[in-house]
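Student: Got a sequence here, can you build the structure:
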Amino acid sequence: MIETILISARTIDQGATLEEKTSQAYFDAAAYCELNESNLAALGLSVGENARVTTPHGTVVVPVKIDDRLPDDISFIPMGPWSNAVLDPDTCGCGMPGFKGVPAKIEPTTDSVLGMKELMATYKE
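Tutor: Okay, the predicted model is just below:
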């Protein structure tokens, strides 16, 4: 397990597939967590394996990718349902959640990644 600071933002691929949220293309564009190579090695994970990302706001399982532009201990999940599961929902009155600076714990898991519909269904009570 490693502790990171989670950030989120739009990506070109995520934005280009935004209108197809139930498609495989949107899943591929938004359901992942990027870490640098040393953080990935610390977790003992390879690209494409799943990690559990836990913050004070929730937990989500996503596959991992490498982005060596990220500094040590910074993680990135594109904007979308998977990042929303772990971001601070408090908008402080502006209508936008906090997309940066969220403390996160990341650990390897054999749990499956939920599709968008299945992830949304976890919020029903």
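Student: nearest residue to the residue positioned nearest the centre of the chain other than its sequence neighbours?
Tutor: Centroid check for the chain by Cα atoms, centre = their mean gives I77 as the closest residue, at 3.5 Å. Using Cβ to Cβ, 6 or more residues apart in numbering and skipping residues adjacent in sequence, the residue nearest I77 is S83, 4.1 Å away. C-beta: built from backbone N, CA, C; applies to glycine.
Student: Provide the secondary structure category for the one you found.
Tutor: The three-state label given to S83 by DSSP: H, G, I helix; E, B strand; the rest coil is helix.
Student: same deal with I5?
Tutor: strand.
Student: mind checking how far it is from V113?
Tutor: With distances taken as Cβ to Cβ, to the nearest Å, I5 is found 22 Å from V113.
Student: Give me the more crowded residue out of those two.
Tutor: For I5 versus V113, the count of surrounding residues by other Cβ atoms under 10 Å is larger for V113: 17 against 14.
Student: Contacts only, for that one.
Tutor: Shown in contact with V113 (Cβ atoms under 8 Å, 6 or more residues apart in numbering): A31, N50, V61, V62, P63.
Student: Quickly run through the sheet partners of the longest strand along the chain, with directions.
Tutor: What stands out as the longest strand in the chain, according to DSSP state E, is strand 58-66. With DSSP bridges as the test, strand 58-66 is paired with strand 33-35 (parallel), strand 50-55 (antiparallel).
Student: Flag the helix or strand of this protein with the lowest per-element mean pLDDT.
Tutor: When the helices and strands of the chain are compared on mean pLDDT, DSSP states H and E, helix 12-16 comes out lowest with a mean of 85.
Student: Show me which residues of that one are buried.
Tutor: Q14 (16 or more other Cβ atoms under 10 Å).
Student: What lies in contact with the next helix-or-strand element following it?
Tutor: Sequence-wise, the next helix or strand downstream of helix 12-16 (DSSP states H and E) is helix 24-30. Defining contact as Cβ under 8 Å, 6+ apart, one finds that helix 24-30 is touched by 11, 13-14, 16-18, 20, 77-83, 115-116.
Student: of all the residues you listed, which comes closest to S46?
Tutor: I77 (18.2 Å; Cβ to Cβ).
Student: Identify the residues contacting the closest residue to L43 other than its chain neighbours.
Tutor: Excluding the flanking residues, the one nearest L43 by Cβ to Cβ, 6+ apart is P108, at 5.5 Å. For P108, the contact set (Cβ under 8 Å, 6+ apart) comprises L43, G44, L45, E49, N50, A51, R52.
Student: Fine by me, thanks again.
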